[in-house]
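> Build the 3D model from these lines:
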Amino acid sequence: MVISMIHPILYYLGVLAVAAFLILLLVDYVLLFWRGGDVAARRRMADVLSIGSDNTIYIDVTSLYGLKVDVSLVDDIPYQFNWRDFKKNFVLTPAEEKVITYTVRPTVRGNHEFGDLNFFIRTDLLGLIERKLAISQTHTAKVYPSLLHMEEIELKSISKIALNQGVKKMRRLGHSYEFEQIKTYVQGDDYRSINWNATARHQSLMINQYEDEKSQPIYFAVDKGRNMLMPFNGLSLMDYAVNTTLAISNIALKKSDRCGLITFDKDFDGFVKAEHRRGQLSNILETLYQTEQTDVESNFNALYQVIKQQVRQRSLIFLFTNCNTLHTLERIKPVLHLISKQHLLVTVMFENSEISDFAGQRSITLEDVYEHTIAEKFIYEQRRIATELNAVGIQTIVSKPEELSIQTINKYLELKAKGKI
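Below is the predicted model of the structure:
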């Protein structure tokens, strides 16, 4: 039309082009809105999601269109998941059924709301108009301590191996002292348990079989104060402690031990008595689910008081905390020493792997020397904290957050094998 100012005959070609474009728009509109076309969809997911683990969401989509369409799906994901650019593009042929999957990794426990499924649909033939279709699929998902992590740790514990690259294998040290029976030796049995008298009588290798000692009380004390707020890979240190507590409780209960729970910050606010009964794991799970992290200074005197009043029998106590300075150690050491006189106390602390990696780098500038010196000082203080606790009879675990469950279960199995609880 602009060029027709010079060549008037082109004006009519421009009018025809605009008319054709409007006709195509009308055809596209009719195909999208007036031909009875639609999309049916529903979201399938577990009612309980696991924090810190990959949880799969399934969306079943069915095309009710009589033609091929291009679809963009935007799911209304809870804001706590921090996923702002979610979008899935795919093509649907007439009457096609398709399953769209994606994974979410929650980093906050609690109730999270999924909203509508939003579809943006275009015809594959023209694609001039886009139709928005919102399908109501409101769903409330509860994010619990990681049940997937618990099942993974249970599988590794039962199979006695960890095949995943970079995962430390679980140790099986010694055996317990509770005699069960004498049986024929088979490959893989501990040769130290051979019963030579029975072997001489039966003219074949016989061994003493032992079983784990049962009904031993185990408590998990989880510090939820500000020292446990430090994030690592999207989760706080307290969340790692919570997942580990659930995983070990599951294994200990299967070994017929009694498990209990204590949560505290400036006061203690959660206590589950160590028992071995049906529903105990669910009780621990619900308590951990409702545990909220705080930014206050933890009061270890409150922990000592609840242990003194509520835990009457000598027990194995795993204390999850983050003591990273000598000043903090001097403040809590007398309390921990009092607890260790009555119980077998294992203090579980976290290694800052980022500082360790940074300290191992080469210093180039003077500023690098200063920074690496500070990092080395931090590492030295953490080692000294562990040494001083060991010196007063308090066992310690210093672990990277991602290895916390394996390290703690190793210690639990080691203490049982040595008969210390």
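
> Can you show me the strands along the stretch 51-200 of the chain?
55-63, 69-75, 88-92, 97-104, 110-114, 117-123, 131-135, 139-144, 178-184 (DSSP state E, counting those that start in this stretch).

> Walk me through which strands the second one pairs with, and which way each runs.
For strand 69-75, the pairing partners within the sheet under DSSP bridges are strand 88-92 (antiparallel), strand 117-123 (antiparallel).

> By average pLDDT, which secondary structure element in the chain comes out worst?
Every helix and strand of the chain was ranked by mean pLDDT, DSSP states H and E. The lowest is strand 178-184, at a mean of 71.

> quick one, which of the strands paired with strand 69-75 is nearest to Gly419?
Each of the strands paired with strand 69-75 has some distance to Gly419 by Cβ to Cβ; the shortest is strand 88-92, at 55.9 Å. For every residue, glycine as well, the C-beta is placed using N, CA and C.

> any idea of the mean pLDDT in the closest one?
Taken as a whole, strand 88-92 has a mean pLDDT of 92.

> Kindly report the same for stretch 295-308.
So the average pLDDT for stretch 295-308 ends up being 91.

> Same check on stretch 138-151?
For stretch 138-151, the mean per-residue pLDDT is 88.

> And for stretch 96-106?
On average, stretch 96-106 scores 92.

> again with stretch 253-269
Throughout stretch 253-269, pLDDT has a mean value of 89.

> Tell me which other helices or strands the longest helix along the chain touches.
Taking residue count as the measure and DSSP state H as the definition, the longest helix of the chain comes out as helix 366-391. Counting contacts by 3 or more Cβ pairs under 8 Å, 6 or more residues apart in numbering; DSSP states H and E, helix 366-391 packs against helix 326-342, strand 344-350, helix 353-359, strand 395-399.

> to the chain's geometric centre, what's the distance from that helix?
For helix 366-391, the distance from its own C-alpha centre to the chain's C-alpha centre is 29 Å (Cα atoms, centre = their mean, to the nearest Å).

> For it, buried residues please.
Of the residues in helix 366-391, those scored as buried under the neighbour-count criterion (16 or more other Cβ atoms under 10 Å) are 372, 375, 378-379, 381-382, 385-386, 389.

> Turn those into CSV, including distance to Val104 and pLDDT.
Putting these into CSV (distance: Cβ to Cβ, whole Å; pLDDT from 0 to 100) gives the following:
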residue, distance to Val104, pLDDT
His372, 38, 85
Ala375, 35, 86
Phe378, 34, 86
Ile379, 35, 86
Glu381, 38, 87
Gln382, 34, 85
Ile385, 37, 91
Ala386, 37, 89
Leu389, 39, 91
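
> Could you look over the helices and strands packed on helix 366-391 and pick the most buried one?
Across those, the average number of neighbours (mean count of other Cβ atoms under 10 Å) peaks for strand 344-350, which reaches a mean of 23.

> Tell me which residues are up against it.
Strand 344-350 is contacted from outside by 230, 232, 237, 240-241, 244, 314-324, 336, 339, 382, 385-386, 389, 394-401, 404, 408, 411, 415, 420-421, using Cβ atoms under 8 Å, 6 or more residues apart in numbering.

> In its sheet, which strands sit next to that strand, and in what direction?
On the basis of DSSP bridges, the sheet neighbours of strand 344-350 come out as strand 316-320 (parallel), strand 395-399 (parallel).

> That strand to helix 326-342, inter-axis angle?
Counting by axes from the mean of the first three to the mean of the last three Cα atoms, to 10 degrees, strand 344-350 points 150 degrees away from the direction of helix 326-342.

> how far does strand 344-350 sit from the chain's center?
For strand 344-350 - counting by Cα atoms, centre = their mean - the centre lies 20 Å from the chain centre.

> pLDDT of it, averaged?
The predicted model gives strand 344-350 an average pLDDT of 93.

> which stretch among the helices and strands packed on helix 366-391 comes nearest Val143?
Smallest distance to Val143 across the helices and strands packed on helix 366-391 (Cβ to Cβ): 22.0 Å, for strand 344-350.

> Report the angle between that closest one and helix 366-391.
170 degrees.

> so Lys273 touches Gln310, yeah?
Yes - at 7.2 Å, Lys273 counts as touching Gln310 under the criterion of Cβ atoms under 8 Å.

> out of the strands paired with strand 69-75, deepest packed?
Note that of the strands paired with strand 69-75, strand 117-123 is the most buried (mean count of other Cβ under 10 Å), with a mean of 19.
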